[in-house]
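Asker: Sequence unavailable; structure follows:
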């Protein structure tokens with residue numbers, strides 16, 4: 001069945017009329033590629049508490065309830081009080097399930113002697129008919145089978161939907177814009193691909209694994225001086241890598257405009273396109289935040305229509321793979337030869353870093369500007385103290401206000417103190433949103449900085 005494409009930009013789509021058990025299987029987003037997952041855990045500060053982001057929006061995504069979320073680490077209690085009390089959000093029940101426990105869960109469910117385990121009994125008896133997670137991996141499928149529930153997406157739909165090479169082939173087939181791309185089956189084949197790109201005029205390239213996320217699974221390199229040992233073997237876990245020409249301001253005749261993303265929701269019948277955002281990227285093209293709408297939106301007539309057109313085509317492809325749920329289509333937009341070009345970089349078939357702020361912002365102030373950053377503190381803070389300081393500065397958002405900051409997740413250390421957090425600013429325009437952060441942080445007694453997602 002071909003789904004209908006519905007553009008509802010600036011508003012929330014009708015999310016699931018379902019209840020769910022949601023597993024925050026962040027380390028499964030590369031499926032069985034354990035080396036790539038280990039790199040993510042090594043580099044992301046507080047990765048075990050990133051699942052807490054889902055707490056704020058799960059009951060908006062699955063509206064029937066009751067819902068339950070299985071987290072790698074318990075959420076910060078003061079923030080839960082703010083989300084449910086001050087913001088009035090309905091929150092799911094939660095339980096801590098560490099990654100190793102998640103890995104062992106299917107075997108435990110198969111062990112009849114474990115039937116009296118409280119977690120096992122709760123999973124079996126929970127009224128939710130559906131199971132979901134960051135991705136649908138083999139473990140999630142087996143857990144669903146064992147407790148007689150259904151996964152929102154199929155394993156194939158989830159994995160294929162996140163496969164950058166399969167998407168690239170679809171773009172070529174549909175004659176959509178693509179990057180200059182050559183395939184390398186091993187690190188030893190990368191230099192010949194780079195040489196072909198050099199002959200096309202490129203000085204830089206990116207080596208992309210077929211499955212990656214948040215900058216993991218790709219390395220940017222200068223073409224000159226590359227050595228095969230510079231490409232980790234885990235990039236080739238799913239098969240040949242894509243070696244693509246890197247387009248930026250140093251590319252002759254090119255002006256880089258931005259890295260927008262179209263937020264999507266796929267149910268059984270429709271693909272809803274409900275927001276467009278600009279990714280805030282580091283110099284290494286690592287995701288550090290998002291804002292909506294893109295700040296250059298009014299400078300390029302027809303760009304929004306083109307992004308949503310291509311996202312609709314990509315959304316139909318993703319739907320055909322068997323994926324259901326929230327997703328994003330990420331683009332690069334450049335000005336070249338007097339024309340503005342939009343090229344799809346990838347689809348992230350999951351709840352993404354932009355999903356949380358988009359859903360929260362559109363829930364409280366439809367159509368508003370919003371700005372989300374990951375903030376890391378040089379010294380850990382007590383959660384109640386942090387919220388109190390923001391409140392004293394007059395910047396903490398409450399329903400009915402036209403602007404404010406919504407902290408929607410805290411990453412904590414072993415003592416339960418906040419080392420990092422995800423903060424959403426909502427307001428009339430981007431200047432107002434940026435000003436909120438500047439004023440709030442002037443009140444804090446610690447140094448802070450931006451961090452990767």
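Answerer: Structure's in. What do you need? Because the structure is a prediction, the values reported are computed rather than measured.

Asker: strand partners of whatever helix or strand residue 69 lives in, parallel vs antiparallel please.
Answerer: Here residue 69 is covered by strand 68-71, with elements defined by DSSP states H and E. Using DSSP bridges, the strands paired with strand 68-71 are strand 20-23 (parallel), strand 93-96 (parallel).

Asker: what comes into contact with the helix or strand where residue 40 lies?
Answerer: Per DSSP H and E: residue 40 is located in helix 34-43. Helix 34-43 is contacted by residues 26-30, 47, 209, 212-214, 216-217, 232-235, 237, 452 when judged by C-beta atoms under 8 Å, 6 or more residues apart in numbering. Bear in mind the C-beta positions are built from the backbone N, C-alpha and C, glycine included.

Asker: OK, contacts around the most centrally placed residue in the chain?
Answerer: The structure's the chain has its C-alpha centroid closest to residue 352; by C-alpha atoms, centre = their mean the separation is 1.8 Å. In this structure, residue 352 makes contact with 261, 326, 327, 328, judged by C-beta under 8 Å, 6+ apart.

Asker: And the nearest residue to residue 87 once chain neighbours are set aside, its phi and psi?
Answerer: Nearest residue to residue 87, sequence neighbours excluded (C-beta to C-beta, 6 or more residues apart in numbering): residue 399, at 6.5 Å. Recorded main-chain torsions at residue 399 are phi -50, psi 140, according to degrees, to the nearest 10.

Asker: Give me the neighbour count for residue 399.
Answerer: The local packing of residue 399 (other C-beta atoms under 10 Å) involves 12 other residues.

Asker: I figured it was touching residue 83, is that so?
Answerer: No - in terms of C-beta atoms under 8 Å, residue 399 does not count as a neighbour of residue 83; the distance is 11.7 Å.

Asker: who does the helix or strand where residue 380 lies touch, helix- and strand-wise?
Answerer: Taking DSSP H and E as the definition, residue 380 sits inside strand 369-381. Contact here means 3 or more C-beta pairs under 8 Å, 6 or more residues apart in numbering; DSSP states H and E; on that basis strand 369-381 packs against strand 287-292, helix 355-364, strand 418-427, helix 430-442, strand 448-450.

Asker: right, and those - which one's nearest residue 78?
Answerer: strand 418-427 (8.9 Å; C-beta to C-beta).

Asker: rewinding a little: any quick ChimeraX command for the buried ones out of the contacts of helix 34-43?
Answerer: Those of these that count as buried under 16 or more other C-beta atoms under 10 Å are selected in ChimeraX with:
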select :26,27,28,29,30,47,209,212,213,214,216,217,232,234,235,237,452
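
Asker: Among the contacts of helix 34-43, name the ones in strands.
Answerer: 209, 212, 213, 216, 217 (DSSP state E).

Asker: With pLDDT and distance to residue 69 as added columns, please give these in a markdown table.
Answerer: Shown next, in a markdown table, are the ones in strands among the contacts of helix 34-43 (pLDDT from 0 to 100; distance: C-beta to C-beta, whole Å):
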| residue | pLDDT | distance to residue 69 |
| --- | --- | --- |
| 209 | 96 | 29 |
| 212 | 89 | 25 |
| 213 | 81 | 20 |
| 216 | 80 | 23 |
| 217 | 88 | 26 |
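
Asker: contacting residues for the nearest residue to residue 72 once chain neighbours are set aside?
Answerer: Nearest residue to residue 72, sequence neighbours excluded (C-beta to C-beta, 6+ apart): residue 48, at 4.4 Å. Taking C-beta under 8 Å, 6+ apart, we find residue 48 in contact with 72, 73, 98, 99.

Asker: Next, the distance between the ends of stretch 160-178.
Answerer: 19 Å (C-alpha to C-alpha, to the nearest Å).

Asker: Quick check: buried residues in it?
Answerer: 160-168, 170-171, 176, 178.

Asker: Other residues contacting that stretch?
Answerer: 29, 135, 153, 181, 183, 208-213, 238-240, 242, 310, 313-314, 317-318, 321-323, 327, 341-344, 346-350.

Asker: before we move on, what about stretch 246-259?
Answerer: 179, 201-206, 220, 278-279, 281, 285, 294-296, 300, 330-337, 340, 345.

Asker: filter these to the buried ones?
Answerer: 179, 202, 204-206, 220, 278-279, 285, 294, 300, 330-334, 340, 345.

Asker: Which of those fall within helices?
Answerer: The members of those all map outside helices under DSSP state H.

Asker: Keep only those of the residues you listed that are in strands.
Answerer: 204-206, 220, 278-279, 330-334, 340, 345.

Asker: List just the nearest of the ones in strands among the contacts of helix 34-43 to residue 52.
Answerer: residue 213 (17.9 Å).

Asker: show me what contacts the residue lying closest to that closest one once chain neighbours are set aside?
Answerer: Closest residue to residue 213 apart from its sequence neighbours, by C-beta to C-beta, 6+ apart: residue 29 at 5.2 Å. Residue 29 is in contact with 37, 40, 134, 135, 162, 213, 350, counting by C-beta under 8 Å, 6+ apart.
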